[in-house]
Structures are given as C-alpha cells and as structure tokens.
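> need a structure here:
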Amino acid sequence: MIAMSATNNLNLLVAPFTVAIDTREQAAWNFHGLRADAKNHYVDLVVPTRVATLQTGDYSIIGMEDLVTIERKSLEDAYNTFGDGRDRWERELKRMANFQFAAVIVEADWSSILAHAQPPSVSGRQFTAKHFYRSVIAWQVRLPMIQWWFCRTRTFAERSAFRLLQRFWLDNVER
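Take a look at the predicted model:
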C-alpha cells in the first residue's frame, strides 16, 4: 500500500496527494504538526496544499474535487450557518450528498455545542442548542451519506480531516 513518499530528509515524509483548500476558507487548516504512522517511524509529515476554487466544501484532493469534500465549521460558524444561513446551508448539503465521500467537521464536541449560549441572530430569531442538535439529527437522517464529525479541538478536527482525505486517496489508488 502506498502511503507516503520519502523526501531527501529521512525525518520527513510527504503526502502523495495535495489537499485543495477553498479560496473562501477564512480560517484554513495548514496541516502542520502531523506525523506519519508507526510503519514510517512517526516522522514528520509534510502535507502539500493548494488554494483552489471548490464548488462544494472547504477541502478536497487536487484531481478528486468532484469525488471528495469536507466542510469545516467552527462552533460560531456552525451556529450562524445552521440558523440564519440555513437555506444556503441545506443547498450545500444536497450538493455534498452527490459526492463519493462527504463530511462535515465541526470544531467542537457535543458538550461544548450544547452548552453554547448563542445570542439572538440578525433576524432577531434565536437559534438554540436544541435547534442545533435537532437540525443535525434531521440532516443525518435525510442525508445519511454525509459523515458528521464533532471534534473537541481545532487540532483534532484538522488531523481528522487529513486522515479522512488520506483514507479516501488510498482507497481510490488501490482500486
């Protein structure tokens, strides 16, 4: 199985694919600080990235942009998007449902989400933790092909995104 390609520096491995980061992504992950697996002696992992215009989602793999997509949400962004931006968000989810693999990664765990006090929105309507919870349940049931990841920290969310993209790339290379 091809996982990584070695560089001239024996303490580095370079991912064999390039992560596409959408041009509109405002707080992009940089994929620094990752390490290779045990079989590669946990050396530092270099992840090539390229800013590109993605039609759907925030992250993909160059050359596979129409096959795999990951949408990143901070806690504040998730509350705003799922509330006031709901119509646009649901259109995005429907596009994501057409991918071979799609995931939404929220940079918060459920305990943080449910404890979050959200002020009333611009429209004056309050989108509460209860609304958030029930909306996610509805989307998971209606669009089961989209994976939902709730990660306690931004770092864990970033690592999870990379590992999902890596697994997708490996599975497609092996076919």
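> so where's the chain shaky on pLDDT?
1-10, 118-124, 175 (pLDDT under 70).
> where do the helices sit along it?
In the chain, the helices defined using DSSP state H lie at 75-82, 86-96, 110-115, 129-142, 154-174.
> in the last one, what's buried?
Residues of helix 154-174 classed as buried under the neighbour-count rule (16 or more other C-beta atoms under 10 Å) are Ala157, Glu158, Arg159, Ser160, Ala161, Phe162, Leu164, Leu165, Gln166, Phe168, Trp169, Asn172. Every residue, glycine included, has its C-beta placed from N, CA and C.
> just the fourth one next, same as before
Neighbour-count burial for helix 129-142 flags Ala129, His131, Phe132, Ser135, Val136, Trp139 (criterion: 16+ other C-beta under 10 Å).
> contacting residues for the fifth one?
Val136 is in contact with Phe82, Trp148, counting by C-beta atoms under 8 Å, 6 or more residues apart in numbering.
> where's it relative to Gly83, distance?
Distance from Val136 to Gly83, counting by C-beta to C-beta, to the nearest Å: 12 Å.
> and the nearest residue to Asn30 once chain neighbours are set aside, what are its bridge partners?
Spatial nearest neighbour of Asn30, chain neighbours left out: Thr49 (7.2 Å); criterion: C-beta to C-beta, 6 or more residues apart in numbering. Beta bridges link Thr49 to Val19 when assigned by DSSP bridges.
> of all the buried residues of helix 154-174, which two lie farthest apart?
Ala157 and Asn172 (22.9 Å; C-beta to C-beta).
> Identify the residue spatially nearest to the most centrally placed residue in the chain, adjacent ones excluded.
Against the mean C-alpha coordinate of the chain, by C-alpha atoms, centre = their mean, the closest residue is Ile70 at 3.8 Å. Nearest non-adjacent residue to Ile70, counting by C-beta to C-beta, 6+ apart: Tyr59, 4.2 Å away.
> Identify the bridge partners of that neighbour.
Taking DSSP bridges, one obtains Ile21, Ile70 as the residues bridged to Tyr59.
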